[in-house]
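Undergrad: I would like to see how this sequence folds:
(one chain, ligands or ions: 1)
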Amino acid sequence: MADKIQIKDGKLIVPDQPIIPFIEGDGIGPDIWAAAQRVIDAAVEHTYHGARKIEWLEVLCGEKSFNKNEEWLPEETLETLRSHYVGIKGPLTTPIGGGIRSLNVALRKELDLYACVRPVRWFRGTPAAILNPQRVDFVLFRENTEDVYAGIEFENGSDEANKIIELMTEFNQSDKIRFPESSSFGIKPISKEGSIRLFDAALNYAIDNNRKSVTIVHKGNIMKFTEGYFKKWTYAHAEEQYGDKVFTWAQYDRIQEEKGIEAANAAQKKAILDGKIIIKDVIADAFLQQILLRPNEYDVIATMNLNGDYLSDSAAAAVGGIGIAPGANINYKSGHAIFEATHGTAPKYAGLDKVNPSSVILSAVMMLSYMGWKEAANSIEYALEKAIFNKKVTYDFHRLMDNATLLKCSEFGDEIISKFS
Ligand code: NAP
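TA: Prediction:
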């Protein structure tokens, strides 16, 4: 009998027939979701021969919801996502005007989905922007609840903006605001708790998946008390809580200071041989060029909200673009998770059965892995790679490949399904 996923003693309990809420999404959402749902169901059936089956439950959000009930994000949808723990969604239109800045941000906030997880890897045959895309295989953890995404902004000329100018004068900081009269202001909260819970998610992932390093990506050289503290807190936390499992560049620096560079190099080499996870850091702008030039130096990434937004799209572009980039928003403490296509609603392609459904299909792969249904997840990933390798692709890849067969969105889904048998 179909049942809800539950949490017991901090662990996800997944019945054989879990009820999973889905949001179809706006624009191209219905096209990609239709293809994805067929692929997921076929993979589960092929893998478990009827012993497991997903019971899909549609919940409303976005344009579909607004057109029906004049509500962009109904409380009922939130309640269903809360009580079912795991959900999946297509892209959503950003409402213009009104109280909601972005439905995605609202969903993350309401369920406190603090970790945005974006795996970035190359699928054989995918047209890529870099020379050696096979070297790209990392998982990016982006903090999802803080930073300038907190939405605290004050418009130029407003009473609040004028009060900030007064406050800056009081703090002797006013000379740092070049054109005070016309300046708008934004606030960037970065907390110790927020930084550490995100870092824990990244490091635990690295431990569970035998990854070699976690890189803290930051602009702490400029934003010393926000991004700089993100680095400081997470390095200290790694040493205090994970002890022997990790070797940090902060430790390396201390050894170098006390005993010299050779001792520091020897300590790091031993840590690698002992199978410890190396915790290192890099400035965000340097990281952006290094993922193109030396991507194999990166494994698991931990970063803040705005950096993570830029980095994940840029990294995805290096290995095939946002049409194939999956994502998840997870609260590892409560168990709540929403898996999602990372691209937008691409309205000009809506209803044309044209676009690449891989982003939402690969998000489903993440969802199945999260549920512990790894065999079904692997079979989808394998079949999708095979379809691309055989050059049977949607328009976005077709235009970049020689001698490829152009498939519609639904046909690409069929192509994946055909590889299961
Ligand atoms: P977009 O919808 O992501 O589309 C930009 C371009 O990306 C498309 O024109 C297309 O490029 C390519 N693309 C996107 N999805 C694709 C797919 N599945 N297959 C192949 N190519 C794909 O970005 P946008 O036009 O800036 O945003 C439109 C709306 O989506 C806005 O309302 C925005 O707020 C919203 N949005 C939602 C989410 C979300 O729900 N997660 C994320 C971002 C944006 P080509 O035309 O070059 O082929």
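
Undergrad: in contact with the residue of the chain found nearest the ligand, which residues?
TA: Proximity of the chain to the ligand (C-beta to the nearest ligand atom) peaks at Gly344, 2.5 Å away. Bear in mind the C-beta positions are built from the backbone N, C-alpha and C, glycine included. Contacts for Gly344 were tallied using C-beta atoms under 8 Å, 6 or more residues apart in numbering; they are 27, 91.

Undergrad: which phi and psi does it have?
TA: Reported as degrees, to the nearest 10, the phi and psi values for Gly344 are phi -90, psi -160.

Undergrad: confidence score at it?
TA: Looking at Gly344, its pLDDT reads 91.

Undergrad: go on, Glu381?
TA: 95.

Undergrad: my guess is it meets Met366, correct?
TA: No - Glu381 lies out of contact with Met366 (C-beta atoms under 8 Å); the separation is 9.9 Å.

Undergrad: distance of Asp253 relative to Ile261?
TA: As judged by C-beta to C-beta, to the nearest Å, Asp253 and Ile261 stand 10 Å apart.

Undergrad: contacting residues around Asp285?
TA: Lys219.

Undergrad: next, it: secondary structure please.
TA: Under the three-state scheme (DSSP: H, G, I helix; E, B strand; the rest coil), Asp285 adopts helix.

Undergrad: alongside the ligand, which residues does the stretch 251-400 of the chain contribute?
TA: Proximity of the stretch 251-400 of the chain to the ligand, by C-beta under 6 Å from any ligand atom, involves residues 322-323, 340, 343-346, 355-356, 359, 396.

Undergrad: most neighbours of all the residues you listed, which one?
TA: Highest neighbour count within these: Asn356, with 29 neighbours (other C-beta atoms under 10 Å).

Undergrad: a strand runs through that one, doesn't it?
TA: No - Asn356 sits outside any strand when classified using three-state DSSP, being coil.

Undergrad: that one against His398, yeah?
TA: No - the pair Asn356 and His398 fails to qualify as a contact (C-beta under 8 Å) at a distance of 9.8 Å.

Undergrad: so who does Trp373 touch?
TA: Contact analysis of Trp373 by C-beta under 8 Å, 6+ apart lists 14, 44, 47-48, 52.

Undergrad: how far away is it from Ser359?
TA: 20 Å.

Undergrad: do Asp244 as well
TA: Here Asp244 is placed at a distance of 39 Å from Ser359 (C-beta to C-beta).

Undergrad: same question for Ala202.
TA: Shown here: Ala202 relative to Ser359, a distance of 22 Å by C-beta to C-beta.

Undergrad: phi first, then psi, for the closest residue to Tyr48 other than its chain neighbours.
TA: Of all residues not flanking Tyr48 in the chain, Ala376 sits nearest, at 7.0 Å (C-beta to C-beta, 6 or more residues apart in numbering). Ala376 adopts backbone torsions of phi -70, psi -40, taken as degrees, to the nearest 10.

Undergrad: which parts of stretch 82-98 are buried?
TA: Neighbour-count burial for stretch 82-98, with 16 or more other C-beta atoms under 10 Å as criterion, is recorded at 84-95.

Undergrad: overlap between those residues and the residues near the ligand?
TA: Filtering the buried residues of stretch 82-98 for neighbours of the ligand using C-beta under 6 Å from any ligand atom leaves 91-94.

Undergrad: for the stretch 301-421 of the chain, which segments count as helices?
TA: 305-318, 358-370, 374-389, 395-398, 409-418 (DSSP state H, counting those that start in this stretch).

Undergrad: what's the closest of the ones you listed to Gly351?
TA: helix 409-418 (10.4 Å; C-beta to C-beta).

Undergrad: packing partners for the helix ranked longest in the chain?
TA: Across the chain, the longest stretch assigned as helix under DSSP state H is helix 29-48. The helices and strands touching helix 29-48, judged by 3 or more C-beta pairs under 8 Å, 6 or more residues apart in numbering; DSSP states H and E, are strand 19-23, helix 358-370, helix 374-389, helix 409-418.

Undergrad: what's the most buried one of the ones you listed?
TA: Among the helices and strands packed on helix 29-48, ranked by average contacts under mean count of other C-beta atoms under 10 Å, first place goes to helix 358-370 (a mean of 25).

Undergrad: how distant is it from the center of its chain?
TA: A distance of 12 Å separates the centroid of the chain from that of helix 358-370, by C-alpha atoms, centre = their mean, to the nearest Å.

Undergrad: need the contact partners of it.
TA: Contacts of helix 358-370 with the rest of the structure, by C-beta under 8 Å, 6+ apart, involve 12, 20, 32-33, 35-36, 39-40, 43-44, 86, 88, 90, 117, 119, 322-328, 330, 337, 339-343, 374, 376-377, 380-381, 384, 412-413, 416.

Undergrad: what's the answer for stretch 199-206, then?
TA: Contacts of stretch 199-206 (C-beta under 8 Å, 6+ apart): 114-115, 117, 139, 141, 211-214, 216, 233-234, 237-238, 241-242, 246, 277, 279, 299-302, 330, 332.

Undergrad: what about the residues you listed, which are in strands?
TA: Counted as lying in strands by DSSP state E, out of the contacts of stretch 199-206, are 115, 117, 139, 141, 213-214, 216, 246, 277, 279, 300-302, 330.

Undergrad: rewinding a little: now the contacts of Trp373 as JSON lines including pLDDT and neighbour count?
TA: Formatted as JSON lines, the contacts of Trp373 follow (pLDDT from 0 to 100; neighbours: other C-beta atoms under 10 Å):
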{"residue": "Val14", "pLDDT": "97", "neighbour count": "20"}
{"residue": "Val44", "pLDDT": "98", "neighbour count": "22"}
{"residue": "Thr47", "pLDDT": "97", "neighbour count": "19"}
{"residue": "Tyr48", "pLDDT": "97", "neighbour count": "14"}
{"residue": "Arg52", "pLDDT": "97", "neighbour count": "18"}
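
Undergrad: do the helix or strand bottoming out on mean pLDDT in the chain and the ligand meet at all?
TA: In the chain, no helix or strand scores lower on mean pLDDT, DSSP states H and E than helix 103-110, which sits at a mean of 88. Yes - judged by C-beta under 6 Å from any ligand atom, helix 103-110 and the ligand are in contact via Asn104.

Undergrad: between that helix and strand 19-23, how big is the angle?
TA: For helix 103-110 against strand 19-23, the angle by axes from the mean of the first three to the mean of the last three C-alpha atoms, to 10 degrees is 140 degrees.

Undergrad: same for helix 103-110, what does it pack against?
TA: helix 75-84, strand 337-341.
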